[in-house]
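In: Sequence and predicted structure are below.
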Amino acid sequence: MQSTATSPNEYLQNLSDERRPIITAMREAILKNLPKGFEEQMNYGMLGYVVPHSVYPSGYHCDPKLPLPFISLASQKNHFALYHMGLYDGELLTWFREEWPNHSKKKLDMGKCCIRFKKPEDVPMELIGQLVSKVTPQQWIEYYDQNVKRAK
């Protein structure tokens, strides 16, 4: 469900009492572990963690007016979702899939870059923190320029 909130705090305030605590906890895990240089802002109606234009002036190839997206966090209709653009392929995806069973007894529910959680207790916060810390803005820019932007 895309939010019309204009700030992360407004996004959280608009969540139901049942969903606010887990999204808040996930946000805190992200902010605690997010490498310096990424910025939190609303992006596509979700909490977004982006490479700002001040660091990457070209912006997102789909819409250069937008900053380069990296991670998003959302309360969807039937689940909580963490979107991590670095999980499309490669070493980070392999690492994450190998680590998952060490942090959760639940089967990994994942799309191309979306990790879905049905219940708050299903979220492995420590693993989320580790995942978030693994890529710097510069590494993301290099990957993006070589693999995503070039393909378009």
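Out: Received it, and whenever you're ready, just let me know what you need.

In: Low-confidence regions, this structure specifically.
Out: In the predicted model of the chain, residues 1, 149-152 satisfy pLDDT under 70.

In: center of it - which residue?
Out: residue 71 (2.5 Å; Cα atoms, centre = their mean).

In: That residue in helix, strand or coil?
Out: State at residue 71, reduced to three classes by DSSP: H, G, I helix; E, B strand; the rest coil: strand.

In: hang on, it packs against residue 49?
Out: Yes. Counting by Cβ atoms under 8 Å, residue 71 touches residue 49, with 4.1 Å between them. Using the backbone N, CA and C atoms, a C-beta is placed for each residue, glycine as well.

In: Show me whatever sits in contact with both of the two.
Out: Residues touching both residue 71 and residue 49 comprise 30, 34, 38, 132, with contact defined as Cβ atoms under 8 Å, 6 or more residues apart in numbering.

In: List only buried entries from the residues you listed.
Out: Among those, those classed as buried by 16 or more other Cβ atoms under 10 Å are 30, 34, 38, 132.
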